[in-house]
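>>> generate coordinates for the sequence data below:
(2 chains)
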There are 2 protein chains.
Amino acid sequence: MANNKITKRSEDFAKWYTDVVMAAHLASYTNVKGCIAIEPNGYAIWEQMQSVLDKEFKKLGHVNVQMPLLISESMLNKEKDLVEGFAPEVAWVTIGGQKELEERFCIRPTSETLFCDYYKDHVSSYKDLPKLYNQWCNVLRWEKETRPFLRSREFLWQEGHTIHATKEDAENETRRMLEVYYNFFHDYLAIPSIKGRKTEKEKFAGAEYTLTNEALMYNGYTLQSATSHYFGQVFSKAYDVKFTNKNNELEYVYQTSWGTATRNIGALIMVHGDDNGLVLPPKIAPKKVVIIPIGDDDKVTSLSNKFNEELNAKDITTYIDNSDKSPGFKFAEAEVNGIPVRIEVGKRDLENNTITIARRDTGEKYTESADIDIVEYISKLLDTIQNDMLKRATKRRDELTFEAHNMDDIKKILETQPGYIHADFCGDTACEEKIKEIKGCKSRCIVDEDLVDGKCVCCGKDAKYHVIWGIQY
Amino acid sequence: MANNKITKRSEDFAKWYTDVVMAAHLASYTNVKGCIAIEPNGYAIWEQMQSVLDKEFKKLGHVNVQMPLLISESMLNKEKDLVEGFAPEVAWVTIGGQKELEERFCIRPTSETLFCDYYKDHVSSYKDLPKLYNQWCNVLRWEKETRPFLRSREFLWQEGHTIHATKEDAENETRRMLEVYYNFFHDYLAIPSIKGRKTEKEKFAGAEYTLTNEALMYNGYTLQSATSHYFGQVFSKAYDVKFTNKNNELEYVYQTSWGTATRNIGALIMVHGDDNGLVLPPKIAPKKVVIIPIGDDDKVTSLSNKFNEELNAKDITTYIDNSDKSPGFKFAEAEVNGIPVRIEVGKRDLENNTITIARRDTGEKYTESADIDIVEYISKLLDTIQNDMLKRATKRRDELTFEAHNMDDIKKILETQPGYIHADFCGDTACEEKIKEIKGCKSRCIVDEDLVDGKCVCCGKDAKYHVIWGIQY
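The predicted structure follows:
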């Protein structure tokens, strides 16, 4: 059902967001607090993302595995930073088969411990390395405030886990996987993200460092959309994962992990959506084209079928809306669902041998001859839409990118229009805490660019890092 | 690593089974009791199964969704048969975010309740029906005795859930999905299964009836490998899922669910495996062909590469084993992993312009010209292997199919060689209980064939059903 009750984006962005989630049937609330049901339209987008990323991972040599859902408390407790980081937000299973368990299990909030436990029995020599694993699964974190896709107690994701014989190999892996995410966002989601390194305060619990892919939403809030962690030997020491190196010495393995999640669906909505609902980049849209026949007529039917067959034969996923709703209703429904292109095949238009083609992203309509090479035309149009969406998102991001030289600048920017704030930073967590007092502004990432001022935006002392700051989801 | 320590199948079938699981790197044990890690070789088989079934489901109009992992106790309690059936084996989350929860949640053992909760808000008219959903996910049942793939606390599966406007539609769906499973087993897994209906005692908790796909393992034990349940209005009444029918009356929806799981990997092992390890039917094998170059030689390398490219270009997944292991070791490794076809490209053979091709299923070796059309040859050979494997499994099943006329017959059969036992049954659960006393023999399914004797094999009274009995995994 199309839903016309979408709040205007300019009126109330948060409400607009959940309205689009519901109206486009991406997800719905459930009786389980903080957990959503991912509906067919939402899940189909996730399947597209999975398909692209899975191919990419496999191309680079990763293989899929499946570790258990549960982690015993003693296993979790072996790496103290990880425990401290995740303990406040895990869910504990204490009863199984009607009996109080001797040892409780948490539902995995992430699987480093499980992989370490696995590595231990599967690696003995440098010849066994690297091991490049990936896992598609659900994880659970007992969040207090939740929002569909962006932050929910349970979410779906992939977590890559690799071990290597040298620091260099592991660090290369950490960087190369960040690159994979960055390109995925750029090439498929039409989202120009920013790559960088997390500060000590914001890095993953237990990691030596965390690389991150940060995306800017239409309202200027930022979304941490993929991360890649270098663990060095932190976990391998805690879990005793050793191998015999080339010099025949026992050494701890070097480890990475990297992940991205269903929150990317939230990013798609908030970067590209508009007052009429979802707008999907063609390359990630599960259905690229809808054909809407108008008027009961043989010519209309046969041309619709012809287009449908020709497009699907070339893997341009297309469907005909043959339901008994009105054309206006069908238009609205395809719009709210974000279908990139609509082809109207109308009885009256066909009297002039024309059809109408409409773009979802701009709303533009083109009158074309009914005899066009539909595959060639639509292929080109989808490419144009994909490129235009990336351009618009990049323009918006650039408009919402600011520079701050002192705390007042940050305050003014965030009071007027949040966005990416470039500012230098001394590296002291105390300064980060102070900056956070301004509307919860957090460091997003350290970027490899020249310093802005050379002085920390907070304390004025010598800066070490050029950092991008912002308000996060 | 190839593992030569596989127990002989004839010596100890149970040990042989776990040896194959480990030696072929399909799964390994974890620190979480009763939960396995599915290793790359095992997960790749599951991905093949998913890919085939997912396409099939979508072709029939099903769409994928994802419901929560957790079910609140009050929600679970709404349907009493389901609760009674599953309560003994669920795991309860009682602590979340460091707090004792007001209401505990179980980890889904199956998702009927979650789907019912979802349906309630998504259906109002007959025009909204049918709803055809499927979900790929993990479920958890706190089993006491576990065995890799066959019975583990957590397992991966798909669960289809559908609702319909009429009894007839729902019953058709129940039957058609059983057919999908049956064909999947027959056409892809090369396993000739038996279709039938579960007795009242063995049906799914809460179902009006359960259809089942039963497969016979090499040792004569049976495996319930897929089920399809007709719920009628049992759940829709318990969860209040109503719609307005064509006569404008409020009516409860008619419901089905159906599923199959990673235990199918166990079936593949136990139907087709041998003393050298796994034997995979080509249609489900993630890798169909291994090329093993023998001798360091340009001709060997270039021909190996040529074959590899040509086969992969035609989607016959092939890899070259270029590791520095000995040819004998490589042969053994490919064998234990069940790769259907091995191509040996040897320096000495090439002097006579020949290559050697070996079948995994029979061990037969063929000397062929190095100039053969490799794609045509291998395509044909893979078809032959697939057909032969089905034939052998059918022959074995037929050899292990017996008829019993009284309790002594059942006893004798099970003491000599277990298998499918055809015998008539009055329908009385008391008789089923008595039969179960013979080595745990259970009814597998009621089949639509003529009665054997017309008298119940247990009590001798008039029989109602022709039933297949056996020892189950």
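>>> and the helix or strand that A:N172 is a member of, what does it pack onto?
Element membership of A:N172 [criterion: DSSP states H and E] is helix A:167-187. Secondary-structure packing of helix A:167-187 (3 or more CB pairs under 8 Å, 6 or more residues apart in numbering or on different chains; DSSP states H and E): helix A:40-59, strand A:154-164, strand A:194-197, strand A:209-216, strand A:222-232, strand A:254-261. Any C-beta I mention is one placed from the backbone N, CA and C, and that applies to glycine too.
>>> for it, give the mean pLDDT please.
Averaged across helix A:167-187, pLDDT comes to 98.
>>> which of the residues in it are buried?
Neighbour counts over helix A:167-187 (16 or more other CB atoms under 10 Å in any protein chain shown) mark A:169-171, A:173-174, A:177-178, A:180-182, A:184-186 as buried.
>>> go ahead and measure how far it is from the middle of the chain.
Mean-position distance between helix A:167-187 and its chain equals 15 Å (CA atoms, centre = their mean, to the nearest Å).
>>> that one versus strand A:254-261: what angle between them?
The directions of helix A:167-187 and strand A:254-261 differ by 10 degrees, with axes from the mean of the first three to the mean of the last three CA atoms, to 10 degrees as the criterion.
>>> just the CA atoms of helix A:167-187, as PDB, please.
Presented in PDB, the C-alpha positions along helix A:167-187 are these (Å, rounded to 0.1, in the frame of the first residue of the first chain):
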ATOM      1  CA  LYS A 167      52.200  -7.400  10.900                       C
ATOM      2  CA  GLU A 168      52.600  -6.000   7.400                       C
ATOM      3  CA  ASP A 169      50.200  -8.500   5.800                       C
ATOM      4  CA  ALA A 170      47.600  -7.900   8.500                       C
ATOM      5  CA  GLU A 171      47.900  -4.100   8.100                       C
ATOM      6  CA  ASN A 172      47.600  -4.400   4.300                       C
ATOM      7  CA  GLU A 173      44.400  -6.500   4.800                       C
ATOM      8  CA  THR A 174      43.000  -3.900   7.200                       C
ATOM      9  CA  ARG A 175      43.500  -1.200   4.600                       C
ATOM     10  CA  ARG A 176      42.400  -3.200   1.600                       C
ATOM     11  CA  MET A 177      39.100  -4.100   3.200                       C
ATOM     12  CA  LEU A 178      38.400  -0.500   4.000                       C
ATOM     13  CA  GLU A 179      39.000   0.200   0.400                       C
ATOM     14  CA  VAL A 180      36.400  -2.400  -0.600                       C
ATOM     15  CA  TYR A 181      33.800  -0.700   1.600                       C
ATOM     16  CA  TYR A 182      34.700   2.700   0.300                       C
ATOM     17  CA  ASN A 183      34.300   1.600  -3.300                       C
ATOM     18  CA  PHE A 184      31.100  -0.200  -2.500                       C
ATOM     19  CA  PHE A 185      29.600   2.900  -1.100                       C
ATOM     20  CA  HIS A 186      30.900   5.000  -4.000                       C
ATOM     21  CA  ASP A 187      30.100   2.700  -6.900                       C
END
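>>> that helix to strand A:154-164, inter-axis angle?
For helix A:167-187 against strand A:154-164, the angle by the same axes, to 10 degrees is 140 degrees.
>>> now helix A:167-187 against strand A:209-216, angle please.
If you take the same axes, to 10 degrees, helix A:167-187 sits at 10 degrees to strand A:209-216.
>>> list the buried ones in the lowest-mean-pLDDT helix or strand in chain A?
When each helix and strand of chain A is scored by mean pLDDT, DSSP states H and E, helix A:80-86 comes last, with a mean of 86. Neighbour counts over helix A:80-86 (16+ other CB under 10 Å) mark A:82-83, A:85-86 as buried.
>>> give me the residue from the stretch 151-300 of chain A nearest chain B.
A:E154 (5.2 Å; CB to the nearest CB).
>>> report pLDDT for that residue.
So, for A:E154, pLDDT stands at 97.
>>> could you give the number of residues near it?
Neighbour count of A:E154, defined by other CB atoms under 10 Å in any protein chain shown: 24.
>>> surely A:V63 touches A:L132?
Yes - A:V63 lies in contact with A:L132 (CB atoms under 8 Å); the separation is 6.7 Å.
>>> so these two - more neighbours on which side?
Neighbour totals were compared for A:V63 and A:L132, and A:L132 leads with 20 against 15 (other CB under 10 Å).
>>> which residues of the stretch 151-300 of chain A lie near chain B?
Proximity of the stretch 151-300 of chain A to chain B, by CB under 8 Å from any CB of the partner chain, involves residues A:154, A:156.
>>> how about the residue of the stretch 101-250 of chain A found nearest chain B, what does it touch?
Nearest residue of the stretch 101-250 of chain A to chain B, counting by CB to the nearest CB: A:W142, 3.7 Å away. By CB atoms under 8 Å, 6 or more residues apart in numbering or on different chains, the contact set of A:W142 is A:34, A:88-91, A:153, B:96-97.
>>> out of those, the closest to A:G363 would be?
Set against A:G363, the nearest of the contacts of A:W142 by CB to CB is A:G34 (36.1 Å).
>>> against B:T113, how distant is the closest one?
Per CB to CB, to the nearest Å, A:G34 is found 18 Å from B:T113.
>>> what's the neighbour count on the residue lying closest to A:V83 once chain neighbours are set aside?
Excluding its sequence neighbours, the residue lying closest to A:V83 (CB to CB, 6 or more residues apart in numbering or on different chains) is A:N77, at 5.5 Å. Neighbour count for A:N77, taken as other CB under 10 Å: 14.
>>> where does A:N77 fall, phi/psi-wise?
A:N77 adopts backbone torsions of phi -70, psi -10, taken as degrees, to the nearest 10.
>>> so how far is B:G273 from it?
Going from A:N77 to B:G273 by CB to CB gives 39 Å.
>>> ditto for A:M217
With distances taken as CB to CB, A:M217 is found 53 Å from B:G273.
>>> tell me which of these two has more neighbours.
More crowded of A:M217 and B:G273, by other CB under 10 Å: A:M217, with 28 against 24.
>>> how about the contacts made by that one?
A:223, A:267, A:270-271, A:473.
>>> mind redoing it with 10 Å?
By CB atoms under 10 Å, 6 or more residues apart in numbering or on different chains, A:M217 lies in contact with A:13, A:17, A:150, A:191, A:223, A:266-267, A:269-271, A:273, A:393, A:396-397, A:400, A:418-419, A:470-473.
>>> what of A:V65?
When contacts are counted by CB under 10 Å, 6+ apart, A:V65 touches A:111, A:115, A:118, A:131, A:133-137, A:161, B:27-28, B:37-44.
>>> show me the contacts for A:V345.
A:V345 makes contact with A:291-295, A:297, A:299-308, A:320, A:354-356, A:370, according to CB under 10 Å, 6+ apart.
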